[in-house]
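A.B. asks: Could you work out the structure for the sequence below:
(one chain, ligands or ions: 2)
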Amino acid sequence: MANEKKKEYDRKYYLAHRAQDAARCRKYRQAHKEETRNSVLKYRNSPKGLAMLQRIKDKNKNEFSHKRAARNALKYAVRKGVLIRKPCEVCGNVKSEGHHEDYSKPLEVRWLCSIHHHEIHHSISPGLTS
Ligand SMILES: [Zn+2]
Ligand SMILES: [Zn+2]
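C.D. replies: Residues are numbered from 1 along each chain as shown. Ligands and ions are numbered 1, 2, ... in the order given. Take a look at the predicted model:
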């Protein structure tokens, strides 16, 4: 019967320790949160991390994110007051949108209301979407 008792003891021991281990892990993670974050930052600034970020950037670029980047830059410039939103150049509607003729120049836009913006895309350059 000694064997049975030992088994029972082992089981209790195991359960108790499992709970303790979980708590210890949690504590460790909490205590090292800062460290973990710092190591992430360190990684980001390391050649390896930078190369990875560059890969992500290149990938995004390939997926036409320059359109989004141009739109974001424009939005930011308008919000910061660097660029003033103008009314639609065709009809004067103040609810205008910036139309990019060249996404590599995010702040060079034509201001058009949604109707005329739509029109320009379908008449001049059907490939553009912003
Ligand atoms: Zn218009
Ligand atoms: Zn457009």
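
A.B. asks: what's the following helix or strand after the longest helix seen in the chain?
C.D. replies: The residue-count maximum for a helix in the chain (DSSP state H) belongs to helix 2-31. Per DSSP states H and E, the first helix or strand lying C-terminal to helix 2-31 is helix 33-45.

A.B. asks: what packs against the very next helix or strand once past that next one?
C.D. replies: Per DSSP H and E, helix 33-45 leads on to helix 47-62 as the next helix or strand towards the C-terminus. When contacts are defined as 3 or more CB pairs under 8 Å, 6 or more residues apart in numbering; DSSP states H and E, helix 47-62 packs onto helix 33-45. Just so you know, the C-beta spots here come from the backbone N, C-alpha and C atoms, and that holds for glycine as well.

A.B. asks: how about a cut-off of 10 Å?
C.D. replies: helix 33-45, helix 65-80 (3 or more CB pairs under 10 Å, 6 or more residues apart in numbering; DSSP states H and E).

A.B. asks: re the thing from before, so how far is the longest helix of the chain from its chain's centroid?
C.D. replies: Mean-position distance between helix 2-31 and its chain equals 41 Å (CA atoms, centre = their mean, to the nearest Å).

A.B. asks: Also stretch 111-119?
C.D. replies: Using CA atoms, centre = their mean, the offset of stretch 111-119 from its chain centre is 28 Å.

A.B. asks: mind listing what's buried in that stretch?
C.D. replies: 111-113, 116-117 (16 or more other CB atoms under 10 Å).

A.B. asks: from those residues, which ones fall inside helices?
C.D. replies: Going by DSSP H, the helices hold 116-117 from the buried residues of stretch 111-119.

A.B. asks: From the rest of the structure, what touches the lowest-mean-pLDDT helix or strand in the chain?
C.D. replies: Here the helix or strand of the chain ranked lowest by mean pLDDT, DSSP states H and E is helix 47-62, holding a mean of 78. By CB atoms under 10 Å, 6 or more residues apart in numbering, the surrounding residues in contact with helix 47-62 are 40-46, 65-66, 68-69.

A.B. asks: Format those as CSV; extra columns: pLDDT and neighbour count.
C.D. replies: As requested, the contacts of helix 47-62 are arranged in CSV below (pLDDT from 0 to 100; neighbours: other CB atoms under 10 Å):
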residue, pLDDT, neighbour count
Val40, 80, 11
Leu41, 83, 11
Lys42, 86, 10
Tyr43, 82, 13
Arg44, 83, 12
Asn45, 87, 11
Ser46, 89, 11
Ser65, 76, 15
His66, 84, 15
Arg68, 88, 13
Ala69, 90, 16
